[in-house]
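> A structural model of the following input is requested.
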Amino acid sequence: MHVPSNLSYQTDFIFHRFQGEVMEHANYWVVRTPNNPTYWFGNFLLFKTAPAGHRILDRWLELHRQEFGDNLNHRVFGWDEEREGDVGSFLEAGFQTSHGIELALDTMPGTSKLNPAITVRPIIATTDWEAVAAQQILVDRVDFDYPEDGGEFRRRQLKGFRKMSEAGRGHWWGAFIGPELVGNMGLFFDEQNRVGRFQNVSTSPDHRRRRVCTTLLHHIVQHAFEKVGARQLVICTGADDDNAAIPTYRNFGFKDAGRSYAVVRRPRKSEA
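Got it, this is the predicted structure:
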């Protein structure tokens with residue numbers, strides 16, 4: 001099977017192949033995560049070229065119906081080509097753009113200013129996994145306009161990450177001040193442990209601007225390069241101009257490594 005050339009979608013396949021399934025066709029990949037059907041970018045079509053032409057929306061929707069039927073409450077189309085393409089018809093049909101930026105790190109950066117009150121350790125105990133789920137659900141509610149689902153999506157997603165951790169493919173990490181979880185993020189690797197991909201970088205709303213993210217990154221990156229032997233670490237995040245995380249990653253030492261493009265039609269409130 002070929003893999004995407006885009007760094008974001010390429011490293012997404014680390015998770016799709018472990019937690020779900022990927023099927024390649026001539027012009028696109030089908031990504032399915034049966035255990036988490038409301039995972040937008042775990043159940044979608046990834047095309048090899050950007051949308052072009054006035055009838056592309058109808059063609060892509062028909063392919064989506066062929067692959068998924070009416071079983072999903074969302075529609076997501078991404079493309080491997082690094083340009084936006086013709087998205088006008090998608091926007092008119094109720095889709096929104098969901099473009100991202102990839103940042104990569106190939107070596108341990110210089111010393112960062114850390115928060116000495118924070119202890120960083122892998123998440124192993126069930127109580128710690130439950131704390132991670134609660135924090136991520138809170139962040140979804142505070143920071144993102146996600147449909148309310150009672151936390152079902154995040155819990156299912158974390159169940160998959162826990163299986164990856166137990167299989168030796170990486171760790172979920174927590175930042176603690178005393179017994180309190182103040183931040184968390186995952187870092188998982190391809191089968192050769194050469195490329196690592198971060199997941200769901202999250203800081204408690206009550207502990208922001210206290211170098212929680214930087215402290216987490218420092219300990220996890222050091223472990224990845226020195227203990228795992230990784231050659232490249234990748235973070236993917238939204239490409240919005242007001243995304244405050246991007247300066248944090250760049251200041252830490254990550255370099256811009258590309259852009260990803262997609263359109264999303266979110267579930268209606270009655271479907272959420």
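> pull the CA atoms of stretch 75-89 into PDB?
Included here for stretch 75-89 are C-alpha records, laid out as PDB according to Å, rounded to 0.1, in the frame of the first residue of the first chain:
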ATOM      1  CA  ARG A  75     -18.800  14.000   6.100                       C
ATOM      2  CA  VAL A  76     -15.100  14.500   5.900                       C
ATOM      3  CA  PHE A  77     -12.900  14.800   2.800                       C
ATOM      4  CA  GLY A  78      -9.200  15.300   2.900                       C
ATOM      5  CA  TRP A  79      -6.600  15.300   0.200                       C
ATOM      6  CA  ASP A  80      -2.900  14.500   0.000                       C
ATOM      7  CA  GLU A  81      -2.000  17.300  -2.400                       C
ATOM      8  CA  GLU A  82      -0.700  20.400  -0.500                       C
ATOM      9  CA  ARG A  83      -3.100  23.000  -1.900                       C
ATOM     10  CA  GLU A  84      -6.600  24.100  -1.000                       C
ATOM     11  CA  GLY A  85      -8.100  23.300  -4.400                       C
ATOM     12  CA  ASP A  86     -11.700  24.300  -5.400                       C
ATOM     13  CA  VAL A  87     -13.700  24.200  -2.200                       C
ATOM     14  CA  GLY A  88     -16.400  26.700  -3.100                       C
ATOM     15  CA  SER A  89     -19.100  24.100  -3.800                       C
END
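> State the mean pLDDT of that stretch.
Stretch 75-89 shows a mean pLDDT of 97 in the predicted model.
> so how far is that stretch off the chain centroid?
In terms of C-alpha atoms, centre = their mean, to the nearest Å, the gap separating the centre of stretch 75-89 from the centre of its chain is 18 Å.
> ok, so what distance separates Met1 from Trp29?
9 Å (C-beta to C-beta, to the nearest Å). C-beta: built from backbone N, CA, C; applies to glycine.
> Which residues does the lowest-mean-pLDDT helix or strand in the chain contact?
Ranked by mean pLDDT, DSSP states H and E, the helix or strand of the chain with the weakest confidence is helix 126-143, at a mean of 91. Contacts of helix 126-143 from elsewhere in the structure, counted by C-beta atoms under 8 Å, 6 or more residues apart in numbering, are 123, 146, 148, 151, 154-155, 158, 162, 172, 174, 181, 183-184, 200, 202-205.
> re earlier: who has more neighbours out of Met1 and Trp29?
More crowded of Met1 and Trp29, by other C-beta atoms under 10 Å: Trp29, with 22 against 8.
> still on that earlier bit, anything in contact with each of Met1 and Trp29?
Val22.
> thinking again about what came up before, among the contacts of helix 126-143, which ones are buried?
Neighbour-count burial (16 or more other C-beta atoms under 10 Å) applied to these gives 123, 146, 151, 154-155, 158, 162, 172, 174, 181, 183-184, 200, 202-204.
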